[in-house]
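1. no FASTA, just this:
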């Protein structure tokens, strides 16, 4: 019998869906060292204003970033600093995967050399 999805599982899926875009990941990585304006993010990421603003809007709608207005500037920051730990953990997982893949590639090359 199939168990119905729980609200928590749905929340988790939506959370990871919000992270499922390279620009949003890059924005969150840039926010690691503190809040930034859209203009500062544009410069750091070498992207146009509409792209950065669109992706920030998605991150805000999923409560991953918060916006604070200071004078005429709006500063964006990660809502929860643990998001940075998550990104570091993801990078470690990807690194482990690449190490495994490199080992497999090396084994394939050795096998091919033995067959030659």
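-> Nice, I can see it. Please read these numbers as outputs of a predicted model, since none were measured by experiment.

2. only C-alpha atoms for contact and neighbour calcs from this point on.
-> Fine.

3. before we move on, which element is residue 77 in?
-> strand 73-78 (DSSP states H and E).

4. how far does that strand sit from the chain's center?
-> Remark: strand 73-78 is offset 17 Å from the chain centroid, using CA atoms, centre = their mean, to the nearest Å.

5. how about the host helix or strand of residue 95: buried residues?
-> Assigned by DSSP H and E, residue 95 belongs to helix 82-115. Using 16 or more other CA atoms under 10 Å as the test for burial, helix 82-115 gives 83, 84.

6. Report all helices and strands that that helix contacts.
-> helix 22-30 (3 or more CA pairs under 8 Å, 6 or more residues apart in numbering; DSSP states H and E).

7. ok, residues contacting the helix it packs on?
-> Around helix 22-30, the neighbours that count as contacts under CA atoms under 8 Å, 6 or more residues apart in numbering are 18-19, 41, 44-45, 52, 55-56, 59, 78, 83-84, 87.

8. filter these to the buried ones?
-> Burial by neighbour count, judged by 16+ other CA under 10 Å, picks out 18, 19, 41, 52, 55, 56, 59, 78, 83, 84 from those.

9. I'd like the residues you listed laid out as a markdown table, including distance to residue 103 and pLDDT.
-> Output for these, formatted as a markdown table (distance: CA to CA, whole Å; pLDDT from 0 to 100):
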| residue | distance to residue 103 | pLDDT |
| --- | --- | --- |
| 18 | 32 | 93 |
| 19 | 29 | 94 |
| 41 | 37 | 98 |
| 52 | 38 | 97 |
| 55 | 36 | 97 |
| 56 | 38 | 97 |
| 59 | 37 | 97 |
| 78 | 36 | 97 |
| 83 | 30 | 96 |
| 84 | 29 | 96 |
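
10. quick one: which of those is nearest residue 32?
-> residue 84 (6.4 Å; CA to CA).

11. nearest residue to the closest one other than its sequence neighbours?
-> residue 32 (6.4 Å; CA to CA, 6 or more residues apart in numbering).

12. Can you point out the buried residues in stretch 67-76?
-> 67, 75, 76.

13. I figured the last one hits residue 37, correct?
-> I take that to be residue 76. Yes - with contact defined as CA atoms under 8 Å, residue 76 counts as touching residue 37 (6.0 Å).
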